[in-house]
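Undergrad: just a sequence and a predicted model for now, questions to come.
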Amino acid sequence: MLEKTKLYTKIVGYALLFLWTEVRLAVRATIVRRQALWLGSSTAEERTRNIVIVGASFAGYRVAHVIARSLPPRSPYRVIVVEPNSHFQFTWVLPRFCVVKGHEHKAFVPYGGYMAGAPEGSYRWIKDKVADIDQATVKLQDSDEAIPYEILVVATGSGVRDGLPSRVNATDKLDGMKLLQGMQNRIEAARTVVVAGGGAAGVEVATDAKALYPDKHIILIHSRAAVMHRFGQGLQAAAREGLERLGVELVLQDRVVNEDATSRAVALQSGRIITCDLFVNCTGQRPLSEVLSNLSPTSISSTGHIKIKPTLQIADDSLPNVYACGDVADTNTPNPNARSAMRQATVVAENILLAVAGKTPRHVYENLWADGAIKLTLGLDRSVTHLGDGTSEVLFRSKERDEALMSAMCWSRLGAKPFEDEYTDAHKAVIEADVNKA
């Protein structure tokens, strides 16, 4: 009881820290806006010193948001964001939208709203992919433009080879929606579905599919002794209970060694052969650090993460102007997620603001146990939220009434009105035709 009381106290403390950070940043942004109104703001042409941010998911978008809204209005610096995706991809809802139809457009949030309030000329947005980076420039793939930079932030995140259900692996919203619809249709058509990986994505796809289609044979294979093994025993037990309640077949301490789409068979390490109509791979995430392979190959670890200093500058003394944050950075975060990525982004942004003011970066990133809190869905109408500090843990079980989960909240937090998107309106005829065809 005492341990849980301490845990609740820590939760309150974490919430207060979060609120204080948001209030402090909002007040500073308001002051900058007022100064811009009174004194004017440097034009884009006058802002010749570039802070280039590569990637605009939770980490990169947050860095851009904080810096662009905090730079002095007459600053010679501007933020340049390089992001290949047409929309912010809310990856947390992808497992659900791989199963349930009609919500796939909600996983793609229009960019731009989160930058509201930034002085005019303080940032530039480029939809492109980085081809290479050297000590002075970022070279773009599609336009061949070479952008000079004084400060660089790598926030490229992580990816998977197979894409869904963990990542979309498409840069355009319409293409991403089609991929989701394709997965929905394959799950609907399949009689037996094998899901590999007992992390959050695997558990959620398996339980959603079984809840929506109770007559299907859903098999979840995981190499460890328990699903959700990186979390506390309470969540492990809750996840197993949720799988068993729905009737998902659970295979533990075994792994897929071969998948043959032609014969529709999956071979396990134990020797078992499973015939199935669909194989869904929920394993294999890796950090996308290749953009630094020419600039600083020694800063890339054996796992592919970018080695960093406590200030989130990369661990290369010759490049004090280069930072990394989010899934790509080697922060030893136990359970990387949006909260940890955005806290890292805030540290990076604060240090860059010090650097452009001629001061030494001094803010450091430390893992906080509450960053690892997770909400795990266990079917269409149930979820469990887990908080633990390594000593004790708390579980909150709840009923889910919204099939789209926290999509609307994500849109609002990123400055977009749910679920209004000019892009979707422009492609409405194509989207409706695809839905009717399916």
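TA: Nice, thanks for sending it over. Everything quoted here is computed from the prediction, not taken from an experiment. Numbers count the residues shown, from 1 in each chain.

Undergrad: mind listing the helices for the protein?
TA: Secondary structure of the chain, counting by DSSP state H: helices at 2-39, 58-70, 94-97, 173-189, 200-212, 233-246, 338-356, 407-413, 422-426, 428-437.

Undergrad: possible to save these as JSON lines with distance to residue 275?
TA: Any C-beta I mention is one placed from the backbone N, CA and C, and that applies to glycine too. Formatted as JSON lines, those follow (distance: least, Cβ to Cβ, whole Å):
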{"stretch": "helix 2-39", "distance to residue 275": "46"}
{"stretch": "helix 58-70", "distance to residue 275": "39"}
{"stretch": "helix 94-97", "distance to residue 275": "24"}
{"stretch": "helix 173-189", "distance to residue 275": "15"}
{"stretch": "helix 200-212", "distance to residue 275": "17"}
{"stretch": "helix 233-246", "distance to residue 275": "21"}
{"stretch": "helix 338-356", "distance to residue 275": "38"}
{"stretch": "helix 407-413", "distance to residue 275": "36"}
{"stretch": "helix 422-426", "distance to residue 275": "39"}
{"stretch": "helix 428-437", "distance to residue 275": "29"}
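
Undergrad: export these as TSV, with columns for distance to residue 111, mean neighbour count and mean pLDDT.
TA: Listed next are the helices of the chain as TSV, based on distance: least, Cβ to Cβ, whole Å; neighbours: other Cβ atoms under 10 Å; pLDDT from 0 to 100:
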stretch	distance to residue 111	mean neighbour count	mean pLDDT
helix 2-39	18	13	87
helix 58-70	8	27	98
helix 94-97	18	26	98
helix 173-189	11	19	97
helix 200-212	24	26	98
helix 233-246	33	19	97
helix 338-356	16	23	97
helix 407-413	12	17	98
helix 422-426	10	12	86
helix 428-437	19	11	66
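
Undergrad: nearest to residue 393, out of these?
TA: Relative to residue 393, the nearest member of the helices of the chain by Cβ to Cβ is helix 233-246, separated by 4.8 Å.

Undergrad: could you list the residues in contact with the closest one?
TA: 198, 203, 206-207, 210-211, 214, 220, 226-229, 250, 374, 376, 378-379, 382, 384, 386, 388, 393, 395, 397 (Cβ atoms under 8 Å, 6 or more residues apart in numbering).

Undergrad: among those, name the buried ones.
TA: By neighbour count, with 16 or more other Cβ atoms under 10 Å, these hold 198, 203, 206-207, 210-211, 220, 226-229, 250, 374, 376, 378-379, 382, 384, 386, 388, 393 as buried.

Undergrad: against residue 49, how distant is residue 72?
TA: Using Cβ to Cβ, to the nearest Å, we find residue 72 at a distance of 13 Å from residue 49.

Undergrad: for the two, indicate the residue with more neighbours.
TA: Just comparing residue 72 and residue 49: by other Cβ atoms under 10 Å the higher neighbour count belongs to residue 72, 19 against 13.

Undergrad: just checking, that one touches residue 35?
TA: Yes. Residue 72 is in contact with residue 35 according to Cβ atoms under 8 Å; the separation is 7.2 Å.

Undergrad: and the closest residue to residue 44 other than its chain neighbours, how many neighbours?
TA: Leaving aside its sequence neighbours, residue 44 sits nearest to residue 121 (Cβ to Cβ, 6 or more residues apart in numbering; 4.1 Å). Neighbour count of residue 121, defined by other Cβ under 10 Å: 18.

Undergrad: residue 121 and residue 89, how far apart?
TA: Distance from residue 121 to residue 89, by Cβ to Cβ: 28 Å.

Undergrad: and if you look at residue 390?
TA: Separation of residue 390 from residue 89 (Cβ to Cβ): 31 Å.

Undergrad: got it, and residue 25?
TA: For residue 25, the distance to residue 89 - Cβ to Cβ - is 24 Å.

Undergrad: repeat that for residue 251.
TA: In terms of Cβ to Cβ, residue 251 sits 30 Å off from residue 89.

Undergrad: who has more neighbours out of these two?
TA: residue 89 (22 against 19).

Undergrad: who's that one bridged to?
TA: residue 108 (DSSP bridges).

Undergrad: that one against residue 106, yeah?
TA: No. Counting by Cβ under 8 Å, residue 89 does not reach residue 106; the two are 11.1 Å apart.

Undergrad: tell me the pLDDT at the nearest residue to residue 78 once chain neighbours are set aside?
TA: Among residues not flanking residue 78 along the chain, residue 47 sits closest, at 3.6 Å (Cβ to Cβ, 6+ apart). You'll see residue 47 listed with a pLDDT of 96.

Undergrad: residues touching residue 47, list them.
TA: Residues near residue 47 by Cβ under 8 Å, 6+ apart: 75, 76, 77, 78, 121, 122.

Undergrad: quick check: closest non-adjacent residue to the last one.
TA: Distances taken as Cβ to Cβ, 6+ apart put residue 68 closest to residue 122, at 4.5 Å, once the chain neighbours are dropped.
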